[in-house]
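# Pasting the sequence and the predicted coordinates here, then a few questions.
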Amino acid sequence: MEPINQSLSAEISTLVDSWTQSDYDLSTIGASTELPEGHSPLRTAWYHKVIFITMYSGIVIFAIVGNAIVCYIVIHNPRMRTVTNFFIATLAISDMLMATLCIPFTFVAAVLLNYWPFGTAMCPIVQFVQTVAVFLSTHTLVAISIDRYMAIIYPLRPKTTKKTALLAIVIIWSLSILIPLPTALKARTIKYVNHTSAPEYCIEKWEKKDIHLLFGITILTLQYFLPLVILIFTYGSIIVVMWVKKIPGEAESTRDHRMKESKKKIIKMMVTVVVIYAICWLPLHIINIAGDLNPGMYDLPHMNIVWALFHWLAMSNSMYNPIIYCWMNSKFRLGFRRVFSRMLCGIVKVRDESDNSRNFSRQETVVTSVHTTSVRRICFSGSRVKFTQEDIPLQSTKAKA
């Protein structure tokens, strides 16, 4: 009996050693064994799920509807087909990509279930499209800022044409697709435990950890920090020129003053878009960097809730831009009102704000560089009409609408 017991003990010892060395590889002891502790998906409380479902659903609905209306306004109205609005439409398309192909999948996998349930094929697609959408947003914001920078800092140079803007959009799309290609090649589903009931996770699988870290830093730099530096420089320079210094070559007239105020409104709108973008994405980038440097951070209590809140904040950026356009731009506001009026079958009447501004401009007093102006008067003498010309002080002259 002793040799048999010694043989059995040796087999058990070998089995335990192989289990330890294979990092809980349960295939050696049968598929019916339960998962080891720490390898099951993290469970989320039901009330947390209800709250997050409501929050993420709001993002998807507002982002898709709002950005679709923005694209419709730009495409449908010929007067809205400007260089800046072409870039704004591209920005809206990137936000719709995020809302349709990224947010629902990442929300379900990372927040609700804490594992990847959508199969092997969808993993690289979702990871790649999400990175492309973010690159589209940042590169388009940079393109808008550069266009505004050139137009305001160098007003005497030729303005960006629509053809040049469309070429820039093609370049933006090309770079946004090419740069994150390694993400599509390396993203895959894996199981941390070789077990039939083990959950799958969608991650980027790299052979060397150093290369993975270098690629992550490169993506983060090109996607967030470098564009943010460019945006701060361009809009900072514009703000100094528009609000502090006088624009080179600008004449002192009412028309130029109105044009300057119009430019200021556009700059304010785009600066608001950039600031909200930076605020929304910064917390998620910080927590992701900290997690790459110290993976054990994710094991802290309630860290999954903190990450989900930061992720929601980043994703919510896709729904804010249409609200900003409607709030800060009268033409987009009018476009939204017309769309909603058609959706409500004309129940809500829309008043054209541009007509009001035109009427107001007609009533303004004409300003010239002299104190008197030559005015023709019509004098009636019997059946004849006589035209007389005399100098009248400008202060007493009022233009009639």
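Thanks, I have the structure now. Residues are numbered from 1 along each chain as shown.
# tell me the helices in this protein, going along the chain?
2-21, 46-76, 83-97, 103-107, 122-153, 162-178, 181-186, 209-220, 226-239, 254-293, 303-328, 330-343, 353-362 (DSSP state H).
# In CSV, list those helices along with mean pLDDT and distance to N114.
C-beta here means a position set from N, CA and C on the backbone, and glycine is covered the same way. Shown next, in CSV, are the helices of the chain (pLDDT from 0 to 100; distance: least, C-beta to C-beta, whole Å):
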stretch, mean pLDDT, distance to N114
helix 2-21, 43, 25
helix 46-76, 93, 11
helix 83-97, 95, 25
helix 103-107, 92, 12
helix 122-153, 94, 15
helix 162-178, 96, 29
helix 181-186, 93, 21
helix 209-220, 89, 21
helix 226-239, 94, 31
helix 254-293, 87, 15
helix 303-328, 93, 7
helix 330-343, 90, 38
helix 353-362, 46, 49
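# Looking at the ones you listed, which is nearest to N194?
When those are compared by C-beta to C-beta, helix 2-21 sits nearest N194, at 11.2 Å.
# quick one on the thing from earlier: any chance of the helices of the chain in a markdown table, plus distance to S197?
Converted to a markdown table, the helices of the chain look like this (distance: least, C-beta to C-beta, whole Å):
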| stretch | distance to S197 |
| --- | --- |
| helix 2-21 | 17 |
| helix 46-76 | 22 |
| helix 83-97 | 34 |
| helix 103-107 | 22 |
| helix 122-153 | 19 |
| helix 162-178 | 37 |
| helix 181-186 | 26 |
| helix 209-220 | 28 |
| helix 226-239 | 44 |
| helix 254-293 | 27 |
| helix 303-328 | 22 |
| helix 330-343 | 48 |
| helix 353-362 | 61 |
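# Pick the most buried one from these.
Most buried of those by mean neighbour count (mean count of other C-beta atoms under 10 Å) is helix 83-97; its value is a mean of 23.
# Dump the C-alpha coordinates for that one into CSV.
Provided in CSV are the C-alpha atoms of helix 83-97 (Å, rounded to 0.1, in the frame of the first residue of the first chain):
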residue,chain,number,x,y,z
VAL,A,83,-15.7,76.4,-45.0
THR,A,84,-16.2,76.5,-41.2
ASN,A,85,-19.5,74.7,-41.5
PHE,A,86,-18.0,72.0,-43.6
PHE,A,87,-15.6,71.2,-40.8
ILE,A,88,-18.5,71.4,-38.3
ALA,A,89,-20.4,68.8,-40.3
THR,A,90,-17.3,66.6,-40.2
LEU,A,91,-17.2,67.0,-36.5
ALA,A,92,-20.9,66.1,-36.3
ILE,A,93,-20.2,62.9,-38.3
SER,A,94,-17.5,61.8,-36.0
ASP,A,95,-19.8,62.3,-33.0
MET,A,96,-22.5,60.2,-34.7
LEU,A,97,-19.9,57.5,-35.3
